[in-house]
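>>> need coordinates for the following:
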Amino acid sequence: MNYDHWRHYARGWVFHFLGKPDVAYDAYVEAFRIDPTDIQSARHLAAIAAGKQQWTAAENWFERVLALAPTDADTWFNLGYVREHAGKAAAAVAAFAEAVRLKPAQDRAWYGMGLAHARLGQHAEAATALREAVRLQPMNGEAYYQLGMALHHARQPDEVAKVVEKLVKFEPKRARKLVQDAERADLMHLIPELPF
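The predicted model follows:
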């Protein structure tokens, strides 16, 4: 065990725990400098950077984690997340795709991939990913809403109607929003009268 590495890592952990991310970040950087195989320090650095919306730094640290653990599906998801927030939708799609290749049941990666495809104007691909997200999380109203909008933009009106029919059963307010945002007044009869 390298005492200097352990000292900096422990210092980072304590300050991270105490809610002092800037001091923790510096300590983790030093721990990683001493031991560039220290995956835990890299993970903490990525999480701190993402929490501060420092997307480029977070992306770099998640890439370092993946250099050490290339089959970690959760880190691939996190990389996709920060890339999406950094406005790198195509790179986000690639990261989310690797996450679901490694862990097909990871619904949040399917959802993220759908949003990234939609940002690229690839609405049919967005719908495909979002269908998988709602299959895995059948009560995720936001995923259904995004699926409905992807289908609307992909010019699949019959499929939008099917999404509204499902969504209205458990989130009628969100179903109403989908009908309004997709400009589908013809589907308003599916929405019950809401007291709020």
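>>> show me the shaky parts of the protein.
For the chain, the stretches with pLDDT under 70 are 1, 194-196.
>>> so which residues of it form helices?
Along the chain, counting by DSSP state H, helices occupy 3-17, 21-34, 39-51, 55-68, 73-85, 89-102, 107-119, 123-136, 141-153, 157-167, 172-181.
>>> what sits up against stretch 52-60?
Residues outside stretch 52-60 that contact it (Cβ atoms under 8 Å, 6 or more residues apart in numbering) are 21, 45, 46, 47, 49, 50, 79, 82, 83, 85, 86, 88. No exception for glycine: its C-beta is placed from N, CA and C like everyone else's.
>>> related to what we said a few turns ago, include distance to residue 188 and mean neighbour count when you put the helices of the chain into TSV, please.
Output for those, formatted as TSV (distance: least, Cβ to Cβ, whole Å; neighbours: other Cβ atoms under 10 Å):
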stretch	distance to residue 188	mean neighbour count
helix 3-17	50	16
helix 21-34	48	19
helix 39-51	40	21
helix 55-68	40	19
helix 73-85	32	23
helix 89-102	32	21
helix 107-119	24	24
helix 123-136	22	21
helix 141-153	14	23
helix 157-167	9	18
helix 172-181	6	18
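>>> okay if I get these as JSON lines plus distance to residue 189?
Formatted as JSON lines, those follow (distance: least, Cβ to Cβ, whole Å):
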{"stretch": "helix 3-17", "distance to residue 189": "54"}
{"stretch": "helix 21-34", "distance to residue 189": "51"}
{"stretch": "helix 39-51", "distance to residue 189": "44"}
{"stretch": "helix 55-68", "distance to residue 189": "44"}
{"stretch": "helix 73-85", "distance to residue 189": "36"}
{"stretch": "helix 89-102", "distance to residue 189": "36"}
{"stretch": "helix 107-119", "distance to residue 189": "27"}
{"stretch": "helix 123-136", "distance to residue 189": "23"}
{"stretch": "helix 141-153", "distance to residue 189": "16"}
{"stretch": "helix 157-167", "distance to residue 189": "10"}
{"stretch": "helix 172-181", "distance to residue 189": "10"}
